[in-house]
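Enquirer: Got a sequence here, can you build the structure:
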Amino acid sequence: MQLKEILNRVPGLGKDLVYYLENKGYIHPRKIQKDRISRREYSKRDHEIIASVFKYYKRGYPPKIAYQLVTKEERMLAYVLMEVPGKGSRKVLESLRKVDGVIEAAATYGGSDVIAKIDVPDISDLDQIILEKIESIAGVKSTHTLIVLQKTHWRR
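Expert: Numbers count the residues shown, from 1 in each chain. Got it, this is the predicted structure:
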């Protein structure tokens with residue numbers, strides 16, 4: 001999503017705070033080159049961080065402290081391996097695109113046909129996504145969930 005969209009979704013938010021968060025490396029918008037200028041494309045996670053930091057910022061917290069308070073909360077990360085019979089992987093991938101919390105998905109070779117990466121606040125959200133959303137997708141025969149150990153994950 002573009003900056004204009006984020007500003008519309010978070011009433012009262014100014015561009016300066018968003019640019020500050022980007023300059024500090026707290027958010028990581030993708031830069032898409034357009035002629036002589038580049039446009040920023042913000043992810044759903046960037047939007048969540050911006051909105052959460054802004055809530056603390058409105059209460060008088062400096063942006064750095066607000067970010068620390070927001071990210072102090074541990075998130076639950078999991079990988080869900082799915083068995084999908086036949087050539088149903090593409091349809092399952094398209095269905096996974098619509099599930100909040102699924103941040104990445106791919107068709108794979110080997111024991112599993114599709115793998116999805118899930119990022120949620122807690123185990124109850126993970127349960128809901130797996131039991132109510134993923135397992136109800138037409139074509140998903142079975143699932144195997146790998147929950148990432150807290151504080152053992154890194155990202156480039």
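Enquirer: And the chain, what are its domain boundaries?
Expert: Domain assignment for the chain, taken from automatic domain parsing, gives 3-72, 76-147.
Enquirer: how near is Arg59 to Asn8?
Expert: Using Cβ to Cβ, to the nearest Å, Arg59 is found at 22 Å from Asn8. (Glycine included, C-beta is placed from N, CA and C.)
Enquirer: coming back round to it: Trp154 is nearest to which of the domains of the chain?
Expert: domain 76-147 (11.0 Å; Cβ to Cβ).
Enquirer: Endpoints of that closest one, how far apart?
Expert: Using Cα to Cα, to the nearest Å, one end of domain 76-147 lies 8 Å from the other.
Enquirer: if you average pLDDT over that domain, what comes out?
Expert: If you average the pLDDT over domain 76-147, you get 93.
Enquirer: on that earlier part again, between the domains of the chain, which gets nearest to His153?
Expert: Among these, domain 76-147 comes nearest to His153, with 5.7 Å by Cβ to Cβ.
Enquirer: Return the distance of the residue of the chain most remote from its centre relative to Glu22.
Expert: Computed with Cα atoms, centre = their mean, the residue of the chain farthest from its C-alpha average is Arg36, at 29.7 Å. For Arg36, the distance to Glu22 (Cβ to Cβ) stands at 20 Å.
Enquirer: I'd like the domains of the chain as JSON lines, with distance to Trp154 appended.
Expert: Output for those, formatted as JSON lines (distance: least, Cβ to Cβ, whole Å):
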{"stretch": "domain 3-72", "distance to Trp154": "14"}
{"stretch": "domain 76-147", "distance to Trp154": "11"}
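Enquirer: Between Arg59 and Asn8, which is the more surrounded one?
Expert: Between Arg59 and Asn8, counted using other Cβ atoms under 10 Å, Asn8 has the larger neighbour count: 11 against 8.
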